[in-house]
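Engineer: the following comprises the amino acid sequence and a computationally predicted model.
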Amino acid sequence: MRAVTGTALWLVRLLYLAFALFPLLWLLRIALTPDEILYREGTTLWPSRTTLANFAYVIEESPFPVFFANTIVVALGTAAAVTLLAAGIGYAFSRFRFRGKSALMVFLVITQLFPIVMVITPLYQLLAPIGLVDTRIGLILVFTAFNLPFAAFLMHSFYEGIPAELEQAAMIDGCTRFQALVRIVLPLMLPGIGATVGFVFTAAWSELLFSLMLITSESKKTFAVGLLGFVGKSGVDWGQMMAAATLALIPPAIFFTLIQKYLVGGLTAGAVKA
Amino acid sequence: MSLAADNPATGRSPGTFRRRLRAAEPYGYVAPGLLVVALVMLVPLAVGISFSFQNYVIFRPASRGWSGFENYAEIWSDRTFWLALSNTAKWTFWSVAFQLGLGLGLALILNKPFFGRAVFQSLVFLPWAVPTFLSGLNWQWLYNPLVSPLPAALAAVGVLDEPRNILSDPDLALWGPITAMIWWGVPFFAITLLAALRSIPSDLYEAAAIDGATPWQAFRHITVPFLLPMITITILLRTVWVANSPELIFVMTEGGPANSSQTLPNYVFTSAYSSMNFGYASALATVLMVMLVIYSVLLLWVRGRLGR
Amino acid sequence: MAEVTLKGVAKSYGRTPAVREFDLDIADEEFVVFVGPSGCGKSTTLRMIAGLEDITGGEIRIGDRVVNDLPPRDRNISMVFQNYALYPHMTVRENQAFGLRLAGRAKEEIARKVARASGILGLDPYLERRPAALSGGQRQRVAMGRAIVRDPDVFLFDEPLSNLDAKLRGQMRTEIKKLHEKVRTTVIYVTHDQVEAMTLADRIVVMRDGRIEQVGTPEEVYHRPVSDFVASFIGSPPMNLLEGRIVAEGDAPAVALSGGPVLPLGPGHARLPAGASVTLGLRPEAIAPQGMAGPMRRPFAFEADITLVEPLGGEALIFLALGDREMTARVFRPPARLAPARGVQFLVDLAEASVFDGGTGRRLGDDGAN
């Protein structure tokens, strides 16, 4: 009886694993398949020959390296800006009582209910006259605002994990409040800061709609927009497209794997309080 | 408030000033972030609502002007809107229901130690790291019988009559984005529910076992009540998020064929992006937002009643 | 080294007062303990002295400086926290040196002071360890080391021993006492444990609901509590509090316990009006079975039932029923045959009795004349 349930459990686990990984593995499998045999062997589990030619094309001849670089700039810029601003908000929420605090927290939660599509058109109208449409800075600004509320709660939960007495001890030892924050609290928060950076980076890396609406010139496109344009073109080259998609997956997958543990912890703390 | 330190000229002691400065400190920490949020979210929100009362098509600048509730009246008689509304409900319900069910199962699996659990966990959570648009593309390709075995497999088990692309079938097209959404969203549910599971004190299960509870009874009377608050809050957040999210549909079907997989946010986006009808798109978005706010308030109210 | 003066210090959160009109003069090198139940405002008062909480009213002086609006770093104090608050990313040495480094002291001076503090506290073997690698007692010592190295005017302790197990708590209590003998600095120490208060303090401040209930030496607080609250808070087991009524006044005042005997009071209580409702307080060690009692100044005999005996080795607690009320007696070097029994003769030393007003709980009468 126990052996049977054990086997059944493993079967369930394997099904989950297959469900999660099959699409990604298939992406890789098509990307590795040479053009000539793609349609003949499109549905077999593994092609009779494999090639790196699609990756080589994407990296050496397509505009994707430019898209890639643009996305990195935008995602890193967003992650840096959000983390800095969220560090401030989380600190105030965690360490001070002040008038309007709970109203602010509620407001930040409510922003999570806004349909993004609601603000896309007005944002375009507002950013155009000040020259922020079709710029990476404009994208960073917009992504920052949309990722800030969640990041602020994430940072808040990480601050809550650090006893206020540590700062107080430092202030008695001779620190100003700011010194105590920089010399004692922030070093202890490094994992949390890393998780926030990773989370925001992944979110910014994945964004499609604002990029589609706000970026028009080829040289400033992000990966998402570029890839979608690729799909739209006639005569789709499956191998190259999937090679590009596989490459687009690498940075968020790395970031995500690194931060997973801390993110789970942060979500827990934040969620339990909610 | 030491009187001795009072400065008679201003009637205010330097101590009071310093105390006021300290009281202002937290606002200094929150102000920059809030400013960005307000400028990029609140202002456009207000502007967007004002657009919804205007005749505003980018290609026809001459005809721009206030139009009262004209856009809303148009929505009322717009058959695509009603179709998109029912599709949105269907899309949201099935996506969230499957995410919850599969996510709960995954969380229960991950809550028990087994050989290779850490590796297993980071692999099954991987879909969450995949950018949404990319998981849309990924599944769009998976439904293509030319380059994927999935249609053949679906035909083999009898779901399809022959290996064809469900995305071009008006009756089934919406299920394409739904599967992509389920695939992408299961890890999120699993993570939050796993966290909640770990917060249940293990001695409760020991006490229940000593009291003679079967594993099912323990699940029913300990696990479920403990998870319920977390489940409702997660469902609330996810429902709103899924209902608001047009990416997968935009990427996979663009609402087609013939609007058969059109949902409200995607309708808003295509109205704004393709037809450049900002007035109508804003009115649609406002309707969507109002419905989501009503839904959230209702759910929170129900949760509050259940809680007490 | 400095005296600390609090004048009318008050603190409120919104409309809720936490500490009201707190007046206290603390002498240089004095060891003062704030004690009281949780929520009585003792920690808040300490944190106001430290500068971690703003004061809402009044004045705090350290030495000859008013420190009301000085940030903690400018008050020249040091503090030991309940959870130690050691910097987890620094070694024991760095933890102790942190304050001196901030102050920009010379390297040799820092090394010398850390070495001295570590020597006093026996921390030398652990200097390169991080706090996570230390036991609770060791962490406690590091926290004290970090406080000592800075040669502060005042040491503040916020329930420093409450996270330790009972045995370690006793040891550390002794060490804190020794430490004070060595460094002779003004100490303000907060605890909810009356044993710590009794053993450590030069003077005890008993607090209740944000106010000072009594200030005095341990002896004064123990033997002459100003109220039934102090009487029940200080001492373990607590003072027996028995409700009664004055039945005779003038030359031979007496109190009748409800449902019990009539006890004669001393001349100090001559002015109590007959009929007044009072609470009689008797320390457990003032009561003993006949034959086990030590010398008594004004013994009074009565009969009661022994319901339970708790032997503690060198002493024993006897629970006795007198009418419908319970009392506790404490006897030293108890005989082995001590067991529950009916109708046992007891002696109580009425010279040790305290009398409190039945309504207000304040102490009545001039006991000096007892």
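Structural biologist: Thanks, I have it.

Engineer: any weak-confidence spans in chain C?
Structural biologist: The model of chain C has pLDDT under 70 over residues C:1, C:366-370.

Engineer: residues in contact with residue C:149?
Structural biologist: C:96-97, C:99-100, C:113-114, C:116-117 (C-beta atoms under 8 Å, 6 or more residues apart in numbering or on different chains). Heads up, the C-betas are built off the backbone N, CA and C, glycines and all.

Engineer: ok, now with 6 Å
Structural biologist: C:96, C:113-114, C:117 (C-beta atoms under 6 Å, 6 or more residues apart in numbering or on different chains).

Engineer: now it: how far from chain B?
Structural biologist: 28 Å (C-beta to the nearest C-beta, to the nearest Å).

Engineer: equivalent analysis for residue C:284, please.
Structural biologist: 38 Å.

Engineer: tell me the SS of residue A:49?
Structural biologist: coil (DSSP: H, G, I helix; E, B strand; the rest coil).

Engineer: give me the neighbour count for the closest residue to it other than its chain neighbours.
Structural biologist: Among residues not flanking residue A:49 along the chain, residue A:34 sits closest, at 5.7 Å (C-beta to C-beta, 6 or more residues apart in numbering or on different chains). The local packing of residue A:34 (other C-beta atoms under 10 Å in any protein chain shown) involves 16 other residues.

Engineer: what helix or strand does residue B:296 sit in?
Structural biologist: helix B:278-307 (DSSP states H and E).

Engineer: what residues sit buried inside that helix?
Structural biologist: Residues of helix B:278-307 classed as buried under the neighbour-count rule (16 or more other C-beta atoms under 10 Å in any protein chain shown) are B:278-289, B:291-292, B:295-296, B:299, B:303.

Engineer: again with stretch C:84-103
Structural biologist: Buried-residue list, stretch C:84-103, by 16+ other C-beta under 10 Å: C:84-87, C:90-100, C:102.

Engineer: filter those down to the ones in strands?
Structural biologist: Of those, none are assigned to strands by DSSP state E.

Engineer: now, among these, which is nearest to residue C:15?
Structural biologist: Within the buried residues of stretch C:84-103, the smallest distance to residue C:15 is 30.7 Å, found for residue C:85 (C-beta to C-beta).

Engineer: and the gap between that closest one and residue C:135?
Structural biologist: Per C-beta to C-beta, to the nearest Å, residue C:85 is found 17 Å from residue C:135.

Engineer: likewise for residue C:291?
Structural biologist: Separation of residue C:291 from residue C:135 (C-beta to C-beta): 47 Å.

Engineer: how about residue B:272?
Structural biologist: Taking C-beta to C-beta, one finds residue B:272 at 64 Å from residue C:135.

Engineer: now do the SS call for the spatially most central residue of chain B.
Structural biologist: In chain B, the residue lying closest to the centroid (C-alpha atoms, centre = their mean) is residue B:241, at 1.1 Å. Residue B:241 carries the three-state label helix when classified by three-state DSSP.

Engineer: compute the number of surrounding residues for the nearest residue to it once chain neighbours are set aside.
Structural biologist: Among residues not flanking residue B:241 along the chain, residue A:112 sits closest, at 7.9 Å (C-beta to C-beta, 6+ apart). With neighbours defined by other C-beta under 10 Å, the count for residue A:112 comes to 15.

Engineer: what does the one 4 residues further on give?
Structural biologist: Residue A:116 is flanked by 21 other residues according to other C-beta under 10 Å.

Engineer: distance of the nearest residue in space to residue C:37 that is not next to it in sequence relative to residue C:237?
Structural biologist: Closest residue to residue C:37 apart from its sequence neighbours, by C-beta to C-beta, 6+ apart: residue C:192 at 6.5 Å. With distances taken as C-beta to C-beta, residue C:192 is found 17 Å from residue C:237.

Engineer: which one's more surrounded, these two?
Structural biologist: Legend: neighbour count by other C-beta under 10 Å for residue C:192 and residue C:237, higher for residue C:192 (18 against 14).

Engineer: quick check: phi and psi on the more buried one?
Structural biologist: Main-chain torsions, residue C:192, degrees, to the nearest 10: phi -100, psi 0.

Engineer: contacting residues for the spatially most central residue of chain A?
Structural biologist: Against the mean C-alpha coordinate of chain A, by C-alpha atoms, centre = their mean, the closest residue is residue A:202 at 1.3 Å. If you count contacts by C-beta under 6 Å, 6+ apart, residue A:202 has them with A:252, A:255-256.

Engineer: how about the secondary structure of the closest residue in space to it that isn't next to it in sequence?
Structural biologist: Spatial nearest neighbour of residue A:202, chain neighbours left out: residue A:252 (4.4 Å); criterion: C-beta to C-beta, 6+ apart. State at residue A:252, reduced to three classes by three-state DSSP: helix.

Engineer: against chain C, how distant is residue A:252?
Structural biologist: From residue A:252 to chain C the distance is 30 Å (C-beta to the nearest C-beta).

Engineer: residues in contact with that residue?
Structural biologist: A:202, A:205, B:129.

Engineer: can you list the residues of the stretch 1-150 of chain A near chain B?
Structural biologist: A:16, A:20, A:23, A:27, A:30, A:42-43, A:85, A:88-89, A:91-92, A:96, A:98, A:111, A:113, A:115, A:117-119, A:121-123, A:142, A:144-145, A:148 (C-beta under 6 Å from any C-beta of the partner chain).

Engineer: now, which of these lie within helices?
Structural biologist: Members of the residues of the stretch 1-150 of chain A next to chain B lying in helices (criterion: DSSP state H): A:16, A:20, A:23, A:27, A:30, A:85, A:88-89, A:91-92, A:111, A:117-119, A:121-123, A:142, A:144-145, A:148.

Engineer: which non-adjacent residue is nearest the closest residue to chain A within the stretch 201-350 of chain C?
Structural biologist: The nearest approach of the stretch 201-350 of chain C to chain A comes at residue C:210, 18.8 Å away (C-beta to the nearest C-beta). Residue nearest to residue C:210 in three dimensions, not counting chain neighbours: residue C:41, with 4.1 Å by C-beta to C-beta, 6+ apart.

Engineer: residue contacts, the closest residue to residue B:193 other than its chain neighbours?
Structural biologist: Leaving aside its sequence neighbours, residue B:193 sits nearest to residue B:107 (C-beta to C-beta, 6+ apart; 3.9 Å). Residues in contact with residue B:107 (C-beta under 6 Å, 6+ apart) are B:190, B:193-194, B:197.

Engineer: among these, who's most crowded?
Structural biologist: Neighbour max across those (other C-beta under 10 Å) = residue B:190, 28 neighbours.

Engineer: pretty sure that residue is touching residue B:108, no?
Structural biologist: No - with contact defined as C-beta atoms under 6 Å, residue B:190 does not count as touching residue B:108 (9.2 Å).

Engineer: if we can go back for a sec, show me the contacts of residue C:149 that map onto helices.
Structural biologist: C:96, C:113-114, C:117.

Engineer: show me what counts as buried in stretch C:274-286.
Structural biologist: Applying 16+ other C-beta under 10 Å to stretch C:274-286 flags C:276, C:278-286 as buried.

Engineer: circling back to that earlier point, intersect the ones in helices among the contacts of residue C:149 with the contacts of chain A.
Structural biologist: Counting by C-beta under 6 Å from any C-beta, no member of the ones in helices among the contacts of residue C:149 is near chain A.

Engineer: can you pick out the most distant pair from those residues?
Structural biologist: So, those by C-beta to C-beta: farthest apart are C:96 and C:113, at 8.0 Å.

Engineer: for the residue nearest to residue B:144 when sequence neighbours are not counted, give its distance to residue B:139.
Structural biologist: Closest residue to residue B:144 apart from its sequence neighbours, by C-beta to C-beta, 6+ apart: residue B:165 at 5.8 Å. Here the criterion is C-beta to C-beta. By it, residue B:165 lies 11 Å from residue B:139.

Engineer: so if I had to pick from the two, which one is more boxed in?
Structural biologist: Remark: of residue B:165 and residue B:139, residue B:139 carries more neighbours, 26 against 18, as counted by other C-beta under 10 Å.
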